[in-house]
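K.L.:
model the following, please.
(one chain, ligands or ions: 2)
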Amino acid sequence: MPEPKVVKWGILATGGIAETFTKDLTVDPKTRGVTSIKHEIAAAASSSSISRADDFLKKVGAPSSAKAYGSYQELVNDKDVDIIYVATPHSHHYQNARLCLEAGKNVLCEKAFTVNEPQLRKLVEIAKAKNLFLMEAVWTRYFPLSIYVREQITSGRIGTVYRTVADLSMADDPQNKYGPDGNKHRMVNVDLAGGALLDLGIYALTWVFQTLYHTLPEGDRKAPSVLSTMVKYEPTGADESTAMLLTFPRDAKKGGPMHGIATTGLRTSINPDNKGTAGPCVRVYGDKGEIQIFPPTFRPTKTKVILADGTVEDKVWEQPGPGKGSGWTNGFGGTMQAEGEGQGMFWEADEAAMAVVEGRKEGRFEGLEESCVIMGVMDEVRNQNGLVYPEKIESLEYPLEF
Ligand SMILES: NC(=O)C1=CN([C@@H]2O[C@H](COP(=O)(O)OP(=O)(O)OC[C@H]3O[C@@H](n4cnc5c(N)ncnc54)[C@H](OP(=O)(O)O)[C@@H]3O)[C@@H](O)[C@H]2O)C=CC1
Ligand SMILES: O=C1OC[C@@H](O)[C@H](O)[C@H]1O
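P.N.:
Ligands and ions are numbered 1, 2, ... in the order given. Predicted structure coming up:
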């Protein structure tokens, strides 16, 4: 068997998700049957200080060869880095991803990809012009569970699909969690493009898109029309509850239009008791049966296929590898413990690394056009409900400091 190709990662920002993602890079790909690549943590950069980057590298168990930088610019200049993971708040993705692309680096960028569709289209244009890889880090798309669900649909197991209903709500009101200072938290801070839609709603939309759009042959994929409503989080003006009804065009001979219903909110939880008692967070409806996906929506643990002929198929989806995983808060003080080592972010990392090695410029499970269409849906939802972020973070101008 040929030796795995080493892909050298640079980590841009040292916050919560950067830590989780980078720890996942240290879990051997062989534990999940991936033999063509190996991840190496080559460098990390903090915008605040080099010592923060240094502490970060120690905390995530990076090799001693990994370099710490006190600025993002130094990271993108590093010749030893193949791909950069951007883990700043949404507001900063356009500026930070563009910094990487302009310097000739491949990019895996956290969700939501950018603040608006024009920003993303600009990044795509630059990536294409420079022949670079660019992908949104929606880890959920890369889980074996998601691959299985998409296969159930494309194989016709539940017949012609007509509707998907998906929710990601987490009782995560930052004021309850952190007091009045919570208004500065990235979840509701408009200066950081906070709000339920861009932070959590993107997962409900991910399920709608990966079941109703991505499962169609490429030529049949069309942007949906959008109807939406929103409740604002009064202290900051971000959205705290958003409901979207999407209609996807489809040829009458193939079943006609499909509905996607995506909801998100910060007051209720998809999994209030952490035991899954509340039932599925996603339901995909076909004319021969349905697929249910169980919470949490961003990292589901269980699926159920129920067919009209009486078949019921339950599946449990655990993380591979020994050891302990880290927990997620459900907003009611409980945690949802991962079963295996790592958090499951390694699957998206594998896909990005394999693409770099193979010379692919997009992820297989969410291409750049699909990401743009999703950003466009979120733009339309914000338009319909008057949610505008500060000009600087909506801007296409580059470079901008904020
Ligand atoms: N895939 C997933 O499951 C998750 C994804 N996310 C996504 O990851 C991104 C980051 O979230 P998270 O890690 O929770 O956020 P954190 O607030 O924990 O970290 C963000 C980091 O970004 C850097 N940063 C640069 N400029 C700013 C600024 N003006 N304000 C705040 N931080 C800044 C800082 O790193 P430094 O000082 O080192 O430069 C900071 O530590 C978001 O896009 C979010 O949607 C978040 C949670 C889960
Ligand atoms: O991406 C995310 O998924 C998990 C949530 O806990 C987090 O707030 C969100 O940003």
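K.L.:
pick out the residue of the stretch 201-350 of the chain closest to ligand 1.
P.N.:
Residue of the stretch 201-350 of the chain nearest ligand 1, by CB to the nearest ligand atom: Phe298 (5.5 Å). (Each C-beta comes from the backbone N, C-alpha and C, glycine too.)
K.L.:
brain fart, the chain
P.N.:
Distance from ligand 1 to each residue of the chain (CB to the nearest ligand atom) is smallest for Gly15, at 1.8 Å.
K.L.:
pretty sure that residue contacts Ala87?
P.N.:
Yes: between Gly15 and Ala87 there is a contact under CB atoms under 8 Å: 6.3 Å.
K.L.:
these two - which one has more neighbours?
P.N.:
The residue with more neighbours, out of Gly15 and Ala87, is Ala87; 25 against 14, by other CB atoms under 10 Å.
K.L.:
now that one: how far from Phe143?
P.N.:
Applying CB to CB, to the nearest Å, the value for Ala87 to Phe143 is 19 Å.
K.L.:
which residues touch the residue of the chain closest to ligand 1?
P.N.:
Residues near Gly15 by CB atoms under 8 Å, 6 or more residues apart in numbering: Ala87, Thr88.
K.L.:
what's the closest non-adjacent residue to Arg221?
P.N.:
Distance criterion CB to CB, 6 or more residues apart in numbering; nearest residue to Arg221, sequence neighbours excluded, is Tyr213 at 5.3 Å.
K.L.:
now do the same for that neighbour: its pLDDT.
P.N.:
At Tyr213 the predicted local distance difference test score is 98.
K.L.:
quick one: residues contacting it.
P.N.:
Arg221, Pro224, Phe248, Glu370, Val373.
K.L.:
what's the local residue count around Asp220?
P.N.:
Number of residues near Asp220 (other CB under 10 Å) recorded here: 13.
K.L.:
same question for Met1.
P.N.:
Around Met1 sit 5 other residues, with neighbours defined as other CB under 10 Å.
K.L.:
quick check, it in contact with Lys30.
P.N.:
No: assessed by CB under 8 Å, Met1 is found out of contact with Lys30, at 10.7 Å.
K.L.:
still on that earlier bit, adding distance to ligand 1, neighbour count and secondary structure as columns, could you present the contacts of Tyr213 in TSV?
P.N.:
Converted to TSV, the contacts of Tyr213 look like this (distance: CB to the nearest ligand atom, whole Å; neighbours: other CB atoms under 10 Å; DSSP: H, G, I helix; E, B strand; the rest coil):
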residue	distance to ligand 1	neighbour count	secondary structure
Arg221	24	19	coil
Pro224	23	24	coil
Phe248	25	22	strand
Glu370	17	22	helix
Val373	19	19	helix
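K.L.:
looking at those residues, which is nearest Ala68?
P.N.:
Glu370 (35.4 Å; CB to CB).
K.L.:
you'd agree that closest one is up against Arg221?
P.N.:
Yes: contact criterion CB under 8 Å: Glu370 and Arg221 qualify, at 7.3 Å.
K.L.:
any idea of the pLDDT on Glu318?
P.N.:
Listed pLDDT for Glu318 reads 74.
K.L.:
ok, it to Leu145 distance?
P.N.:
Distance, Glu318 to Leu145, by CB to CB: 10 Å.
K.L.:
show me which of the two is the more surrounded one.
P.N.:
Of the pair Glu318 and Leu145, Leu145 is the one with more neighbours under other CB under 10 Å, namely 21 against 13.
K.L.:
distance check, the more buried one against Pro296.
P.N.:
For Leu145, the distance to Pro296 - CB to CB - is 12 Å.
K.L.:
next: Lys275.
P.N.:
Taking CB to CB, one finds Lys275 at 12 Å from Pro296.
K.L.:
Thr88 now?
P.N.:
From Thr88 to Pro296 the distance is 23 Å (CB to CB).
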